[in-house]
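K.L.:
Curious how this folds, go ahead:
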Amino acid sequence: MKTEFFTGKGDKGKSAVGGKKFSKGEVFFELIGVLDELNSWLGVCRATAGDFDRKEKNSGLRAIIVISRLQDFIFVAQAEFAARRFGYKNGPKISREHTDFLEALISRIDGKLPPLRKFVISGGSKLSAQLDFARTLARRAEREAVKFAAKQKNMSSGSAEALQFLNRLSSALFALARYVNFRLKIKELNPSYE
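P.N.:
This next block holds a predicted model:
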């Protein structure tokens, strides 16, 4: 069976879900789109992570494993937001365990890094720069999720967990970006404000 990637008719800026049409200009589609961007960019990070992982002795901080986990979590977040938008009651949801994973990851990394006293200029190694860019996408996803939540009538307390998860996700990506440079012995650069 062949996969159809297009119908040849065009969609006039609408997406069909469950027999109904929705404008692609909705905040929901921006949110799902930026989560998709983030997940795809994390795929680039994962593809780059092999060189780093060969040097990393701590299996709990192997970039490929951590990034794969984060990508899976993002699919859960997308499914939850889609269920909320389209009125589905069941489906995957971001839980406290997802956020706990991120907080534990941040704490584990933080225990290995020197204290942060200044802003850090993105860069150093390729993987660190890519992870820092992923952080900015996670921040944008969080902003879009806040806008989406404000428009939804059926947002529950579970959705507050999804918002908290997105906030922690950007922090985890920042911590991981710093950790990569630290393990590669690349000195952090700070802005001079000159």
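
K.L.:
which SSE is the residue most central in space within the chain in?
P.N.:
The chain has Ala138 as the residue nearest its centroid, 4.6 Å off, counting by CA atoms, centre = their mean. Using DSSP states H and E, Ala138 maps to helix 126-151.

K.L.:
in that helix, what counts as buried?
P.N.:
By neighbour count with 16 or more other CB atoms under 10 Å, helix 126-151 contains the buried residues 127-135, 137-142, 144-145, 148-149. For glycine as for every other residue, the C-beta is placed from the backbone atoms N, C-alpha and C.

K.L.:
Output the contacting helices and strands for it.
P.N.:
Applying 3 or more CB pairs under 8 Å, 6 or more residues apart in numbering; DSSP states H and E, we find helix 126-151 packed against helix 27-48, helix 63-86, helix 157-183.

K.L.:
what's the closest non-adjacent residue to the residue nearest to the centre of the chain?
P.N.:
Once flanking residues are discounted, Ala138 sits nearest to Ser170: 3.8 Å by CB to CB, 6 or more residues apart in numbering.

K.L.:
Make sure the one you found is actually in contact with Arg135.
P.N.:
Yes: the pair Ser170 and Arg135 passes the contact test of CB atoms under 8 Å, sitting 4.9 Å apart.

K.L.:
about what we covered before: per-residue confidence at the residue nearest to the centre of the chain?
P.N.:
Predicted confidence (pLDDT) for Ala138: 97.

K.L.:
Let me see the contact set for it.
P.N.:
Contact analysis of Ala138 by CB atoms under 8 Å, 6 or more residues apart in numbering lists Leu38, Leu166, Leu169, Ser170, Leu173.

K.L.:
Got the confidence number for the second one?
P.N.:
In the prediction, the pLDDT value recorded for Leu166 is 96.

K.L.:
Mind putting the contacts of Ala138 into TSV with distance to Phe75?
P.N.:
Compiled in TSV, the contacts of Ala138 are given as follows (distance: CB to CB, whole Å):
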residue	distance to Phe75
Leu38	11
Leu166	14
Leu169	13
Ser170	17
Leu173	16
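
K.L.:
Which pair of those residues spans the longest distance?
P.N.:
Pairwise distances across the contacts of Ala138 peak at 11.0 Å for Leu166 and Leu173 (criterion: CB to CB).

K.L.:
Rank the helices and strands of this structure by mean pLDDT and give me the bottom one.
P.N.:
Least confident element among the helices and strands of the chain, by mean pLDDT, DSSP states H and E: strand 14-17 (a mean of 56).

K.L.:
Can you tell me the SS state at Ile94?
P.N.:
When classified by DSSP: H, G, I helix; E, B strand; the rest coil, Ile94 comes out as coil.

K.L.:
And the residue nearest to the centre of the chain, how far from Leu35?
P.N.:
The gap separating Ala138 from Leu35 is 9 Å, by CB to CB, to the nearest Å.
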